[in-house]
Every structure is written in structure tokens, then in C-alpha cells.
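>>> What follows is a protein structure lacking sequence information:
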């Protein structure tokens, strides 16, 4: 993981979220995994199959900081926090849309100030964005310049058919399904998780599950809240496990994060 530089003024303590615990094996050692009672991701296996030991990614470098993001300047939209030249260079090298990378890097920089003990790397957020929705491009969706994804990316129903059972919690207001919950948006939150985790990353006064700045910041704070110090391998695994309790998912995210960490 990286050793991030604080950028934003500290926020007041966040309210605690409901937590469930589960034991996750890693290299023969039992690590305590703490996660939200309802997972964020749609494709959650009903009974995760431990086909291999979970792994962690290589560390990433902290992205360069834009001049406008200096401490004391106030709440800056997170897509403006990382240096534009860094965004353009890394986006081209990594094959990540620049608009998506600005959200991932900005979210990592934001939590480096609000939760400096977390150590979240931008590459972890980018890896989750890739695995979840191909950076907001899945199923023909388009990531617009304003950070919104259209049409909305909506996952399959959590009806127990290869997933956990999560009955409707939002009367279909977020996911359009009045029977089951579904994951929504570029980072694939389900409505009940978004109600707790939603953040205003673009500072427009609205928490929009389909807007990548809001979703990336929500994911960053979610990971830090669950995992604590993500530079510790067992904590990184626990945080990703809370996002999706699957060893296969963990290792896909770790592989992508390692690939992104190598980009200069």
C-alpha cells in the first residue's frame, strides 16, 4: 500500500455503521474480517468457496497533488485533487479513463487527510472499479465528463440465485426493483449500503450513486472504515472481503491493483 500525504481538513468523527464479523483464512493464519452487515456488491456468492488463499497487491505511489488542493482551501471536488499531468500520464499508461482515474486518485487523497491511518492506495480503488463495472463502461454505459454514468449500471437481483438474499430496502427508488435489492452505479453499491456509505465527492450537495466521484469517495471511506490500516495485509483482505466476500473476487482485485501499481 502507499504512504499517502494528507490533503483535506479533517472531518468530524463518522457515525458507526452496523458491522458483521467473519473469519477469513490467509496463508494458514486466521484473520478477523469486519464488514457491513449487508455487502456492497451485487455478485456476492451465497457461500464463498475458498478456492485459494487471498492475496494482497503491490503498493502504489501517492499521486501528485494539484496546487488547488492545498490544505485550508476548503472542500475541493475530488476530481480536482490530483495533478492533471499525473492523471493524463497514468491514465494513458494504465488504460484507465482519465475521468475515472481522477475520481479514484482524488478519493484516495481525500481519505489520506480524513483517515491518515488508512493508507489506501488509488490502485485499490481503480482495481475495484475495473472489476465491478470496467470503470463505468459495463453494458454499454458511458462515463460522462461530469462523472455521471449513463445509462445506470444495475446488477442482477439479490434473490438467492447464486447470490445472498437481500430483499428490497428502498422500494425500488434507487435500483428500480421493488422485490429485491440490486447493486447500482460505477462502484456497485446496493441501496441499503449506499444509505449509510453515500458521500458527496463532487461537492454539489447531492450523494449520487451513479456519479463516480461520489461513488469512489464512498468506496474509499467504506474500505477505510472496515479495514483500518490497509497497509496491513490482513486488513486489506478484510476490507475487500467486506466489499465482496469471495476469495476469487479478492484475488482479481489484488491482481489488477498490482498491475496498476507498476504504472509510472
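Nice, I can see it. Everything numeric in this text was worked out from a predicted model, so none of it was measured.
>>> which residues touch the closest residue to residue 64 other than its chain neighbours?
Here the nearest residue to residue 64 in space, its sequence neighbours aside, is residue 83; by Cβ to Cβ, 6 or more residues apart in numbering that works out to 3.7 Å. C-beta here means a position set from N, CA and C on the backbone, and glycine is covered the same way. Each residue near residue 83 by Cβ atoms under 8 Å, 6 or more residues apart in numbering is listed here: 63, 64, 65, 66.
>>> wouldn't the second one be in contact with residue 85 here?
Yes. When contacts are counted by Cβ atoms under 8 Å, residue 64 is listed as touching residue 85 (7.5 Å).
>>> ok, those two, which is more surrounded?
residue 64 (17 against 10; other Cβ atoms under 10 Å).
>>> got a pLDDT number for that one?
Looking at residue 64, its pLDDT is 70.
>>> Distance check, it against residue 252.
28 Å (Cβ to Cβ, to the nearest Å).
>>> can you check residue 167 too?
From residue 167 over to residue 252 (counting by Cβ to Cβ), the distance is 28 Å.
>>> Among those two, which residue is more densely surrounded?
Shown here are residue 167 and residue 252; by other Cβ under 10 Å, residue 252 has more neighbours (17 against 14).
>>> contacting residues for that one?
Residue 252 makes contacts with 127, 131, as judged by Cβ under 8 Å, 6+ apart.
>>> can you tell me the helix or strand for it?
Assessed by DSSP states H and E, residue 252 sits inside helix 247-261.
>>> list the buried ones in that helix?
247, 249-254, 256-261 (16 or more other Cβ atoms under 10 Å).
>>> I'd assumed residue 195 was in contact with residue 189.
No. Counting by Cβ under 8 Å, no contact exists between residue 189 and residue 195, whose distance comes to 9.2 Å.
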